[in-house]
Every structure is written in C-alpha cells, then in structure tokens.
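Asker: Here you go, sequence then predicted model.
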Amino acid sequence: MKQSVIRLEKVWKIYTMGQVEVPALRGIDIDIKQNDFVAIMGPSGSGKSTAMNMVGALDIPTKGRVFLDNIDIATLGESELAQIRGRKIGFIFQQFNLIPTLSALENVTLPMIFQGVPKAERIKRACDLLCKVGLGDRVHHKPNELSGGQQQRVAISRALANNPEVILADEPTGNLDSKTGLEFMESLRRLNRVEKKTIVMVTHDEKIARQADRTEYLKDGQIVKRR
Amino acid sequence: MLKDYFKLAVTSLLHRKLRAWLTMLGIFIGIAAVVSLIGLGEGLRIAITSQFGISTTEVLSIQAGGLSGAGPPGTGVVNPLTDDDVTAISRLSTVEKVIPRILESGQLEYNDKVIFGYAMSIPEGEARTFAYDTLDIAAEKGRLLKDGDTGKVVLGNNFLTDNVGLDKKVEVGNSVLIQGKKFQVIGITEKKGSFIFDNIVHMQEAELKDLFNVGNTVNVIVVQVKDPDQMEKAQADIERLLRKRRDVKVGEEDFEVQTPGAALQQLNDVLVGVSVFIAVIASISIVVGAIGITNTMFTSVTERKKQIGIMKSIGAQNKDIFYLFLFESGMLGLLGAMVGTIIGTLISFFGTLGINAWVNASAHPQINLVLIFSALAGGFLIGAASGVVPALRAARLTPVKAMR
C-alpha cells in the first residue's frame, strides 16, 4: 500500500473580511499518496487556490489538520516548516514567479541556497536541470529575456532543484499556448511516471485535469466529486 | 551562506541603481564630512595657529584690556600699557627679556593709491632677534630690518602679490609713503597665511613712535621668562606688579597676561568649535541618510512582497529573508561610506595642499587605515541598523499573504 505524503483532514479555512467571515474551504479531506498524479479542479472562487496553499503547507487551516509525511504541520515552527517545504515540495506557479533580477541559473540555484547546498554542487545541478529542459544556452539570461515557455521550463527546473518528492503546480498551463501547454503536461507526466514524483495540479480546465490519474472536484469550498 | 546573501543584496541594489545612489547621499555626505574633518586635523590646526600669530616659543604676552574698538591685539584700549610698565616688568627676578610691541593704524601710498593698514614696531639690538624669532618672521625678498636702518621698512607678503589693493606689486627697492613720509622697502616677509602679518608694515620702533606720535604707549609686551618651568610664577609676578601699578584689585584686572597654554587653549576652543560644527552637520546628514535607507527599504519590502512570498514558498526561512534585507540595507550604508571616504580623503588631501600653500606649512593629511576601516564599518552598521525594522517586517510576512 502506498504511503500518504500529504493529507488534509476536515480542513476549514475561513477568511475574515471586516465583520464578515468568508469560508474558503469547508471541511475538505484530501489524501495524496506517493507517486499520485492528482488534479484539484473547480471553477473560479471554488477554493482551489486555498486548497493548494494547504496542500503546499504555505498556510495553516482555521480548523482541521494538515499532515506532511504524517506530521501535523501545526506542530512545526515556521522555520522548520519552511525547511521541510523547500526540501519536499517543488512549486510551479501560473505566473512562473521567477525572480526578475536573477538569471535562469540563479533562479534555479535559489532553493538550494536556502537548503545550504554547497555552491559548486548547486551550480552543477542547476546547469544539469536547465540543460535537460533545453535551456543550456540560456542559463545566464534574465526572465524578461526568455519566452513564456522558456520561463515555465526555468520554473520546472527550480521546482526540481532540491529533488523534491512532490511537485505542486498551480494553473501551470494558464499562461502558455496550447502547444507549449501540451509539452508541459507531457513533462509532468514523465516526472510522475519516470522519476516517480508525486504531482498535485490545480486547474479549472477539464481537459488538463483529465491528464491526471485522479481529480478532486471542488465547489464552494467542498469536495463535490472524485474521479 | 553570507556570501550568497551579499551577492543577492548587490544584485538587488544594481537593479535599482538610481534609487540606491539617491539613498546613499545622506550617508556619504556625513561620512565625507567626518573623514575630511579628521584628515584635515593637522592642516586646520596650523591654519588657525597662523591666523592667531601664535609661535611655539615659550613667551608670555601682556595686553591691556577694556577694548574700545576692533583691531589687532592691544590696540584701541582705554588704559594702555606704557614704557614704564615695560621697565618695571624687566626688573622682575623671573623675567629674562621684555619687548614692547607697538601696532599703529595709518595710511600707505604707492602707485597713486592710498590704503589703510597696520604698522608694527621692531625693537633695536638683541631684542630684534628675539622679536623675529618669537613671531617666526623671515624675509622672502631682500632682508629684515637691522640696527642702524633709517627710512626703511619691510612689508608683509601680500604686498608682493598685490593682495592689498595697490593695483601694482611692491618690489624691494621701491619707495612708499607712510603717513605722508617716504620710506624705502628693503624686504618682503615670507607668507604666514595670517591676514594681519601678511598685510603689515614693519618699522623701526623709534621711527614708528615718531611718525605716529605714540608717546610712551605700548600695545603688547612680550616677556621671555628666565626658567620656562617658572612660567606660572612669572605670570603671577607680572599680574601682581601690574595690579599695583594700575591700582586694580584681584579679579578686576583691566589687562591680560597670556601664557602659551592660554593661547593654545584659545586655539583649541576654536578648533573644538569648528569640529563640533562639522560633527553636527555630519550627524544630521547621517541621521537623514539613515532615515532615507529605512524609507527605501520599506518601499523595497512593499514592492518585493511577491518575491518574498516566492522565496518563502521555495524554502526560505524567516532568518534568510531577514538577512537578505539586512545585507541590502547594510550594503547601502557601506557603498555610501565608500563614496564618502573617497570624497573625504580627496578633501583632506587637496585641503591640506591648499593650507600648505596658503600658510607655507608642511602638514600631512591624517588619513590612515584605521580611519578608513572605521568609516566603512560605521557606514555598514548604520545601514544595517536602519534596515532592521523593514527586514523584520519582510521576514514576518507569511508566504500566502506575501504572494496575494
């Protein structure tokens, strides 16, 4: 039986806006096991971004519990959580979210700096990752000197920098044309099948969600369907 | 890790060059002021000393008090010193030599121009050498006055460069009219850098007394004591004698006996005043610079909230973000201090050169490694301290809030 990597148990997230309390998640349960390829799908405002923050241990729930490798994240200090997050989870964002002042190589080495990886090792690893995605000749280019597809590939390399167990992708094809989007999905699938990475993807696109092995449908902060 | 923070901070600053330069302004003006103040120390002291006409020779100088107008030392007083005072002082057991100095204001005519200035008496005989030594006077052109000269004068250095308003240089051998009487110029003194000494006319004591109808008035009495260790006793003796002669009580003296210590004290007071003034300006600009850095860092944190969020989501801990921003503000201070140190060093170097040329001295700029290191370290610390609060604010942002 596969081991649970990330588990959400009856997770509530309630935002307070002035006097009004707005529940973004209403008691959701999600269990992500090793080597899963899961899509979290839902329309705008369904709470999928909040769900992604919970899965990625970027936020703590108002009620309920989030387990990372069976450890309740509420018991971890902020620094400890950041360390574990940096080591175990690689993030790919819709807007790529690269640091504009740093080159492709520096962007990819950044997560390794925070994990204390020695300089020579992190440069070698970053170069390898960028070469693998076909950006070997673009390592010293800044994000604004790269196309959207190239930036997304830098973002993938950065997500893989610390060789994490889980890749978390938030609307990963949202800013890509359909061809580049398909190429990206192919890369995710390869990471899941060949490199045995656990993939969690948040999307509002049914076609993209269908590429995953499992889909959790969110509506009004609740899981309404599982496929 | 520190090297990485340093590199990231520099990268970030290079991305906002203009803002970084503007932020550094306050720090580099402050540091430049401090470095140049310290670097110019010796030069400033020499420049001010020469303005006061203080020589290093250990002598006492006596002036009557109760000024009735502005002018050089001892002039325009209500109850002046007299030749009889000079004689009485010379009889004191602690006194070796006494020289009266007379300063008179009058007119000098040359090249059909008339100017007004001061003439100074030069005594006869052995006292002449003593006078020249104590005043540290030497001739640049021609020679100084000697016994037996009549109808001859020596002029201050400004007459040579025509800084006195005669529209023509005065050369050795030329004649000038002083109070309408013709005198031949036999020498021009070396530059002293002092307004009084560079514009003055040296005259034989007897001729000056005669020409200005001085009578037995004396402006300054210069006293050499027998034993330099007995300076204070000699001062007390002179004060007691003059109190008796002028019929004044202790604490009500209308005269002043100044020791080299007192003169140096006066000089130090001026130096302290100048230093305090510059230090105040430096402090204000450093405080303004520090506030500027804090402000820039707050702006930077707000602008880069999303970046902070990204970095936190890819594993940056609070301390990483804190150090990144702290290094960045520290670098602002350090770069400001670097520019300030370079400017301060240049000011000290050229300032000292200027002072040396002005007062004919050989001062050196007091710039050394300790000063440079302290200025740079100080700049970094001021910058870092200014960035603590913005860096804390950045570090405490949660990833979700930062990226929203």
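Answerer: Yes, it's here.
Asker: Which positions within the host helix or strand of residue A:192 qualify as buried?
Answerer: Using DSSP states H and E, residue A:192 sits in helix A:178-193. Neighbour-count burial for helix A:178-193, counted by 16 or more other C-beta atoms under 10 Å in any protein chain shown, picks out A:180, A:181, A:184, A:185, A:187, A:188, A:191, A:192. C-betas here are computed from N, CA, C, even on glycine.
Asker: Quick check: the two most widely separated of those residues?
Answerer: By the measure C-beta to C-beta, A:180 and A:192 form the most distant pair in the buried residues of helix A:178-193, at 19.0 Å.
Asker: ok, the buried residues of helix A:178-193 vs chain B, which is closest?
Answerer: residue A:191 (17.1 Å; C-beta to the nearest C-beta).
Asker: What ranges does the chain have for its helices?
Answerer: Going with chain A. A:48-55, A:78-88, A:104-114, A:119-132, A:148-160, A:178-193, A:206-209 (DSSP state H).
Asker: try chain B instead
Answerer: Taking DSSP H, the helices of chain B run over residues B:2-15, B:17-39, B:41-52, B:83-90, B:126-135, B:195-199, B:205-212, B:231-246, B:260-303, B:305-313, B:318-359, B:369-396, B:399-403.
Asker: other SSEs contacting the fourth one?
Answerer: Pointing back at helix B:83-90 there. Counting contacts by 3 or more C-beta pairs under 8 Å, 6 or more residues apart in numbering or on different chains; DSSP states H and E, helix B:83-90 packs against strand B:95-101, strand B:217-218, strand B:220-225, helix B:231-246.
Asker: right, so of those, which gets closest to chain A?
Answerer: Ranking those by proximity to chain A (C-beta to the nearest C-beta) places helix B:231-246 first, at 68.9 Å.
Asker: Give the other helices and strands that that closest one contacts.
Answerer: strand B:60-64, helix B:83-90, strand B:95-101, strand B:220-225, strand B:255-258.
Asker: Adding mean pLDDT, write the ones you listed out as CSV.
Answerer: Converted to CSV, the helices and strands packed on helix B:231-246 look like this (pLDDT from 0 to 100):
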stretch, mean pLDDT
strand B:60-64, 84
helix B:83-90, 88
strand B:95-101, 86
strand B:220-225, 86
strand B:255-258, 84
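Asker: possible to save the ones you listed as JSON lines with mean neighbour count?
Answerer: Listed next are these as JSON lines, based on neighbours: other C-beta atoms under 10 Å in any protein chain shown:
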{"stretch": "strand B:60-64", "mean neighbour count": "24"}
{"stretch": "helix B:83-90", "mean neighbour count": "16"}
{"stretch": "strand B:95-101", "mean neighbour count": "21"}
{"stretch": "strand B:220-225", "mean neighbour count": "22"}
{"stretch": "strand B:255-258", "mean neighbour count": "19"}
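Asker: Compile the ones you listed into JSON lines and extend it with columns for distance to residue A:227.
Answerer: Formatted as JSON lines, the helices and strands packed on helix B:231-246 follow (distance: least, C-beta to C-beta, whole Å):
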{"stretch": "strand B:60-64", "distance to residue A:227": "106"}
{"stretch": "helix B:83-90", "distance to residue A:227": "117"}
{"stretch": "strand B:95-101", "distance to residue A:227": "112"}
{"stretch": "strand B:220-225", "distance to residue A:227": "109"}
{"stretch": "strand B:255-258", "distance to residue A:227": "103"}
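Asker: What is the burial count for the nearest residue to residue A:52 once chain neighbours are set aside?
Answerer: Closest residue in space to residue A:52, ignoring its immediate chain neighbours: residue A:202 at 4.6 Å, by C-beta to C-beta, 6 or more residues apart in numbering or on different chains. Counted with other C-beta atoms under 10 Å in any protein chain shown, residues neighbouring residue A:202 total 27.
Asker: who in the stretch 201-350 of chain B is up against chain A?
Answerer: Residues of the stretch 201-350 of chain B lying close to chain A by C-beta under 8 Å from any C-beta of the partner chain are B:306-307, B:310-320.
Asker: from chain A, which residue is nearest to chain B?
Answerer: residue A:86 (1.7 Å).
Asker: what's near enough to touch that residue?
Answerer: By C-beta atoms under 8 Å, 6 or more residues apart in numbering or on different chains, the contact list for residue A:86 reads A:111, A:114, A:115, A:162, B:314, B:315, B:316.
Asker: If we use 7 Å, what do you get?
Answerer: Residue A:86 makes contact with A:111, A:114, A:115, A:162, B:314, B:315 under the criterion C-beta atoms under 7 Å, 6 or more residues apart in numbering or on different chains.
Asker: wait, residue B:98 sits on residue B:89?
Answerer: Yes - shown here, residue B:98 and residue B:89 form a contact pair, counting by C-beta atoms under 7 Å, at 5.2 Å.
Asker: Between those two, which contacts overlap?
Answerer: Residues within reach of residue B:98 and of residue B:89 at once, by C-beta under 7 Å, 6+ apart, are B:221, B:223.
Asker: near chain B, which residues of chain A show up?
Answerer: Within chain A, the positions adjacent to chain B are A:53, A:56, A:58-59, A:78-79, A:82-83, A:85-87, A:91, A:97, A:99, A:101-102, A:110-111, A:113-116, A:158 by C-beta under 7 Å from any C-beta of the partner chain.
Asker: Sort out which of those are buried, if you could.
Answerer: Judged by 16+ other C-beta under 10 Å, buried ones among the residues of chain A next to chain B: A:53, A:56, A:58-59, A:82-83, A:85-87, A:91, A:97, A:99, A:101-102, A:110-111, A:113-114, A:158.
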